[in-house]
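Colleague: structure for this input, please:
(one chain, ligands or ions: 1)
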Amino acid sequence: MGARKSYKAGNSYKDYKIATIGSHSALQILYGAKQEGFSTIAICEKGREQPYKNYKVADRIITVGRFKDTIKLQQQLVGEKAILIPHGTFFEAFGTEDIQKLKVPYFGNKGILKWEADRMMQREWLKRSGLTLPKIYEKPENIDGPVIVKFYGARGGKGFFLARNAGEFYRKIKERKAKEDVRAYILQEYIIGAPIYIHYFHSPLTNELEVMSFDKRYESNVDSIGRIAAKDQLDLGLETSYNITGNVPVVVRESLLPEIFRMGEAVVKASKTLDGDGKGIFGPFSLETVITPDLKFFVFEISARIVAGTNLYMNGSPYTELRYKEPMSTGRRIAREIKAAIERNELKKILD
Ligand code: AMP
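Modeller: Have a look, this model is predicted:
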């Protein structure tokens with residue numbers, strides 16, 4: 001947990017700035033902050049400033065050599081009353097340990113990060129939430145159905161492969177080891193169904209859970225393999241990979257929504273049992289699920305932060321339209337939460 005900071009009463013939101021590093025979902029975050037009337041800062045790596053200039057989402061751009069150099073800007077950012085919004089690239093750049101040490105006010109609960117970062121701790125969290133998870137096989141000899149072999153730290157599912165039994169696993173891992181340095185991996189039951197990524201937002205101010213939107217991923221080459229006949233796939237000796245190239249919008253069958261709300265609420269409730277102060281998860285998070293043909297959800301991962309799939313909805317989703325009746329992206333929803341916390345003098349509830 002980061003050091004507790006004190007926030008003076010009586011401030012206007014205009015005294016604060018919203019800052020993030022220029023990648024992942026920064027356009028959405030900064031645009032949303034501006035829609036809510038905040039001044040914005042984009043911290044960009046040298047040579048990567050153009051989108052933030054061109055789309056006019058940043059009132060100020062600070063250029064750094066590497067994202068990690070943001071650490072050197074801390075005093076300046078604190079002086080400017082900047083609030084940092086984390087996203088996927090932010091976590092990659094800093095790592096969970098350095099994030100704990102950041103002095104700049106941070107939107108989110110740092111205490112929850114270790115529960116997301118470690119696959120086994122994450123599993124414990126999802127289990128405590130009562131969700132259905134794919135099985136994990138302790139050793140290849142136990143494999144009794146399709147498994148997906150996942151490597152720790154693999155960006156965008158790169159290099160993941162499928163196997164049906166121990167023999168196939170050993171053959172494929174050997175091939176992989178010949179090509180690259182293979183470190184830790186898990187053997188997870190492969191669920192055949194429709195992958196759906198659910199984008200939630202939980203407000204600690206109102207204690208309400210919102211379902212913001214959904215996406216599915218566009219992954220190379222798994223999403224194009226269906227264009228090749230099965231016979232040709234075999235002839236070509238094709239193997240699937242899961243490297244993310246983009247995101248595709250989804251609306252779900254409406255009768256699935258009650259279960260989707262129930263799962264999100266269960267995750268929030270369980271998260272309050274994870275860390276000492278009981279704050280749990282708040283702000284945006286996502287459940288990565290596969291829905292089987294009998295309409296059962298298997299949850300294979302949680303992202304305790306804004307996910308890039310929300311970039312589809314800069315202008316709101318069909319679901320946020322129902323609730324807000326104005327364009328409400330996840331980025332804007334974050335800014336609105338910060339604004340509400342400032343106005344209620346409850347910043348402590350949402351910053352770490
Ligand atoms: P991940 O890096 O865990 O998000 O996984 C990358 C991709 O692999 C996902 O987007 C899914 O397409 C697929 N995937 C991961 N785990 C499973 C699973 N247990 N069953 C089926 N597909 C999965």
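
Colleague: name the residues of the helix or strand harbouring Gly167 that are buried.
Modeller: Per DSSP states H and E: Gly167 is located in helix 166-179. If you call a residue buried by 16 or more other CB atoms under 10 Å, then helix 166-179 has these buried ones: Ala166, Glu168, Phe169, Ile173, Arg176. (C-beta placed from N, C-alpha, C; glycine too.)

Colleague: with those residues in mind, which one is nearest to Ile43?
Modeller: Nearest to Ile43 out of those is Arg176 (CB to CB; 36.1 Å).

Colleague: give the contact list for the closest one.
Modeller: Neighbour list for Arg176: Gly159, Phe161, Val182 [criterion: CB atoms under 8 Å, 6 or more residues apart in numbering].

Colleague: now swap in Ile196 and tell me
Modeller: The contact partners of Ile196, taken as CB under 8 Å, 6+ apart, are Phe214, Lys216, Val250, Val252, Thr289, Val290, Ile291.

Colleague: neighbour-wise, which of the residues you listed leads?
Modeller: Counting neighbours by other CB atoms under 10 Å, Phe214 leads the contacts of Ile196 with 25 neighbours.

Colleague: correct me, but that one touches Asn247?
Modeller: No: using CB atoms under 8 Å, Phe214 is not in contact with Asn247; the gap is 10.0 Å.

Colleague: who in the chain is up against the ligand?
Modeller: 134, 148, 150, 157, 160, 188-191, 195, 217, 219, 242, 288, 290, 300-301 (CB under 6 Å from any ligand atom).

Colleague: switch to 5 Å and redo it
Modeller: Taking CB under 5 Å from any ligand atom as the measure of proximity, the chain contacts the ligand at Pro134, Ile148, Gly157, Gln188, Tyr190, Ile191, Pro195, Arg217, Tyr242, Val290, Phe300, Glu301.

Colleague: show me what residue of the stretch 51-200 of the chain gets nearest to the ligand.
Modeller: Gly157 (3.2 Å; CB to the nearest ligand atom).

Colleague: if I read this right, that residue contacts Ser241, doesn't it?
Modeller: Yes: the pair Gly157 and Ser241 passes the contact test of CB under 8 Å, sitting 7.3 Å apart.

Colleague: what is in contact with the two at once?
Modeller: Listed contacts common to Gly157 and Ser241 are Glu219; contacts here mean CB under 8 Å, 6+ apart.

Colleague: quick one on the thing from earlier: which one of the contacts of Ile196 is nearest to the ligand?
Modeller: Of the contacts of Ile196, the one sitting nearest to the ligand (CB to the nearest ligand atom) turns out to be Val290, at 4.9 Å.

Colleague: and the closest one, that's in a strand?
Modeller: Yes: under DSSP: H, G, I helix; E, B strand; the rest coil, Val290 sits within a strand.

Colleague: quick one, what contacts it?
Modeller: Applying CB under 8 Å, 6+ apart, we find Val290 in contact with Pro134, Ile191, Ile192, Gly193, Ala194, Pro195, Ile196, Phe297, Phe298, Phe300.

Colleague: PyMOL command to pick out the buried ones of those residues?
Modeller: Applying 16+ other CB under 10 Å to those, the buried members can be selected in PyMOL as follows:
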select buried, resi 134+191+195+196+297+298+300
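
Colleague: identify each buried residue in the longest strand along the chain, please.
Modeller: Determined from DSSP state E, the single longest strand within the chain is strand 208-221. When neighbours are counted by 16+ other CB under 10 Å, the buried residues of strand 208-221 are found to be Leu209, Glu210, Val211, Met212, Ser213, Phe214, Asp215, Arg217, Glu219, Ser220.

Colleague: show me what contacts whatever residue of the stretch 251-352 of the chain ends up closest to the ligand?
Modeller: Going by CB to the nearest ligand atom, the ligand is nearest to Phe300 of the stretch 251-352 of the chain, at 4.2 Å. If you count contacts by CB under 8 Å, 6+ apart, Phe300 has them with Leu133, Pro134, Gln188, Ile191, Glu288, Thr289, Val290.
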